[in-house]
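J.: this one's sequence-less:
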């Protein structure tokens, strides 16, 4: 894929062969984690930024019991990369974390109690809280909770759809996409 460097010029970043699904920068900006589909398997490859090359580390994500169909890398915090995964025909998403040190994958949202289906997730820069959208009874609303799913708090409750939450860099404000004003706009909570 290409990235803009300096004066806005785009330079090609070399990543391993396959279909690049998503990418996220390391906290210090020296590496890029790329989710790459290679055949029927998805890997997260860590490559040196800005020029890429062979991966420093690779982690295989696909599992036979619950294959990942699509994913979006959300945030790289310390030695963990958080991602939103659509698994094995499910409409809802799951929040997962891969440890770059040990390579283990954890379903962070598995123990959460949510009314409806998760449709979008965002992680704060300190990995202590999440914002998520949930669809229940045809209504998609915005929520925030602790990373372990405790203390959920509903931020919206109406027929407008609320999607694609994203925390600000200080973790105090959530931006999200909504049609609550009639057209599609960005809103903050």
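T.: Cool, the structure landed. These numbers come from a predicted model, not from an experiment.
J.: all contacts plus neighbour counts: C-alpha atoms, from now on.
T.: Noted.
J.: pLDDT averaged over the helix or strand that contains residue 132, what's the number?
T.: Per DSSP states H and E, residue 132 falls inside strand 129-136. In this model, strand 129-136 has a mean pLDDT of 94.
J.: name every strand pairing with that strand and say which way it goes.
T.: Strand 129-136 has its sheet partners listed here by DSSP bridges as strand 117-123 (antiparallel), strand 139-146 (antiparallel).
J.: single out the most deeply packed of the ones you listed.
T.: Compared across the strands paired with strand 129-136, strand 117-123 shows the largest average neighbour count, a mean of 23 (mean count of other CA atoms under 10 Å).
J.: list phi and psi for residue 39.
T.: Dihedral pair for residue 39: phi 70, psi -120, per degrees, to the nearest 10.
J.: meant to ask about residue 167
T.: Torsion angles, degrees, to the nearest 10, at residue 167: phi -80, psi 150.
J.: list the contacts for the closest residue to it other than its chain neighbours?
T.: Closest residue to residue 167 apart from its sequence neighbours, by CA to CA, 6 or more residues apart in numbering: residue 174 at 4.5 Å. Taking CA atoms under 8 Å, 6 or more residues apart in numbering, we find residue 174 in contact with 131, 165, 166, 167, 168, 188, 189.
J.: could I get those residues as TSV with secondary structure and neighbour count?
T.: As requested, these are arranged in TSV below (DSSP: H, G, I helix; E, B strand; the rest coil; neighbours: other CA atoms under 10 Å):
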residue	secondary structure	neighbour count
131	strand	27
165	strand	28
166	strand	22
167	strand	21
168	coil	13
188	strand	13
189	coil	13
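J.: ok, now how distant is residue 100 from residue 53?
T.: 18 Å (CA to CA, to the nearest Å).
J.: neighbour-wise, which of those two wins?
T.: residue 100 (20 against 14; other CA atoms under 10 Å).
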